[in-house]
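>>> Give me the fold of what follows.
(4 chains)
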There are 2 protein chains.
Amino acid sequence: MGVFSKTCEYALRAVFFIAHRTAEGGKVGIKEVADGIASPEYFLAKILQDLSRKGIIQSAKGPHGGFFIDDKSRKNSLSEVVKAVDGNGLFTGCGLGLEYCSEVNPCPLHNQFKDIRNQIYLMLKNTSIEQFNEDLSLGITALKK
Amino acid sequence: MGVFSKTCEYALRAVFFIAHRTAEGGKVGIKEVADGIASPEYFLAKILQDLSRKGIIQSAKGPHGGFFIDDKSRKNSLSEVVKAVDGNGLFTGCGLGLEYCSEVNPCPLHNQFKDIRNQIYLMLKNTSIEQFNEDLSLGITALKK
DNA sequence: ATATATTAATACCTTTTTATCCTTTTTATA
DNA sequence: TATAAAAAGGATAAAAAGGTATTAATATAT
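Down below sits the predicted model:
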């Protein structure tokens, strides 16, 4: 098990792919995205529908339709994507799964875990969707396998 | 979804509870543990069996039997518990779920995520099972709900 | 107008995780 | 030695996550 759900992993990879692929305008079809990030096509379709409904990405139907990310959306931080898919339990929840864990009623790991949570949040908050476009163009980073 | 699986959350809470409860010797039964950490009894039983098989905790059958943690085991770090339950994917895996992600073939998030992973690992590595016994005795920290 | 390419919606299937129940084995002690 | 107490183990079920297939809706080129 990783930090993110499989759904969220696909979502992040897809968002990077679409942002990169449509940086100069245009749209990209679901098949191409699925292939580009090595994800199951139909499953990804559901994820992208959801992201589109939530305004994380955009889509257009019909011929020459496809998915894309507009100028405003591509400035979004990854925390928005993660929140849309996995909720913000990762940023706020107790490490030991205790419902009422808080500053006044902490679990043993509360303080240590608070730092971790915060670190994860800051990392995602300070990273934008578009910021890897160049690396992807240069082939410095990979999105499949 | 949290950082750990539900199974792992129960395991960590149980390990804290048992260590605290048997710090002065003696054993504690499954019912008491389940009640003490607000977990489903039979599900927890499976988890504890597994932890016992893997040497993270100890158990004794028969009258006056139960679970306990010996002196050596209570010095174990939490990373051992997590590794036993969730494997070490959390410490080594790619944030985007890419199989071949590495220093030479990184995903976009590789460097940022490496730090997070490491932070999680160090936190767990540097925290022992027994180190919360006192807080638990004083009622400073909680293990249920 | 119509055919076509495309996403949207929906329904369904499979696997994994979480949870429960029941039986068996072990063991202390009366 | 019988009994009771406790964990161990097996079988099953429910829920959630992950994945597939099909149909509907729709924009656009012709």
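>>> In chain A, what residue spans correspond to helices?
A:6-21, A:30-37, A:41-53, A:78-86, A:89-92, A:110-125, A:133-137 (DSSP state H).
>>> Phi and psi next, for A:Ala142.
Main-chain torsions, A:Ala142, degrees, to the nearest 10: phi -120, psi 150.
>>> What is the neighbour count of it?
21 (other C-beta atoms under 10 Å in any protein chain shown). For glycine as for every other residue, the C-beta is placed from the backbone atoms N, C-alpha and C.
>>> burial count for the closest residue to it other than its chain neighbours?
Closest residue in space to A:Ala142, ignoring its immediate chain neighbours: B:Asn105 at 5.6 Å, by C-beta to C-beta, 6 or more residues apart in numbering or on different chains. Burial measure for B:Asn105: 13 neighbouring residues, criterion other C-beta under 10 Å.
>>> For A:Asn76, which non-adjacent residue is closest in space?
A:Ile129 (5.4 Å).
>>> Could you count how many residues lie near that neighbour?
So A:Ile129, with other C-beta under 10 Å, has 24 neighbours.
>>> Distance check, it against DNA strand C.
The gap separating A:Ile129 from DNA strand C is 18 Å, by C-beta to the nearest atom of the strand, to the nearest Å.
>>> And the pLDDT at that residue?
We have a pLDDT of 97 for A:Ile129.
>>> Touching, it and A:Ile69? I think so.
Yes. With contact defined as C-beta atoms under 8 Å, A:Ile129 counts as touching A:Ile69 (6.7 Å).
>>> Deepest in the core, which of the helices of chain A is it.
helix A:6-21 (a mean of 24; mean count of other C-beta atoms under 10 Å in any protein chain shown).
>>> between that helix and helix A:110-125, how big is the angle?
30 degrees (axes from the mean of the first three to the mean of the last three C-alpha atoms, to 10 degrees).
>>> do helix A:6-21 and DNA strand C meet at all?
No. Between helix A:6-21 and DNA strand C, judged by C-beta under 7 Å from any atom of the strand, nothing touches; the nearest distance is 9.8 Å.
>>> Quick one: residues in contact with that helix.
A:2, A:4, A:28, A:32-33, A:36-37, A:39, A:43-44, A:47-48, A:51, A:56-57, A:67-69, A:74, A:78, A:81-82, A:84-86, A:129-130, A:132-133, A:136-137, A:143-144, B:95-98, B:107-109 (C-beta atoms under 8 Å, 6 or more residues apart in numbering or on different chains).
>>> any idea of the angle that helix forms with helix A:78-86?
140 degrees.
>>> How about the residues of chain A by DNA strand D?
Counting by C-beta under 7 Å from any atom of the strand, chain A sits next to DNA strand D at A:5-7, A:10, A:40-43, A:45-46, A:60-65.
>>> Please name the nearest non-neighbouring residue to A:Thr127.
Nearest one to A:Thr127, counting by C-beta to C-beta, 6+ apart, is A:Leu78 at 4.9 Å.
>>> Contacts for stretch A:58-68 next, please.
Here stretch A:58-68 has contacts from A:18, A:22, A:25-30, A:33, A:48-49, A:52, A:57, A:69-70, A:73, using C-beta under 8 Å, 6+ apart.
>>> Phi first, then psi, for the residue in chain A sticking out farthest from the centre.
Ranked by distance from the centre of chain A (C-alpha atoms, centre = their mean), the top residue is A:Val104, with 32.5 Å. Note on A:Val104: its backbone torsions stand at phi -90, psi -20 [degrees, to the nearest 10].
>>> Same question for the one 3 residues further on.
Summarising the backbone geometry of A:Cys107 under the convention degrees, to the nearest 10, its torsions are phi -80, psi 170.
>>> Surely it and B:Ala142 touch.
Yes. With contact defined as C-beta under 8 Å, A:Cys107 counts as touching B:Ala142 (6.1 Å).
>>> Give me the common contacts of these two.
A:Leu98, A:Cys101.
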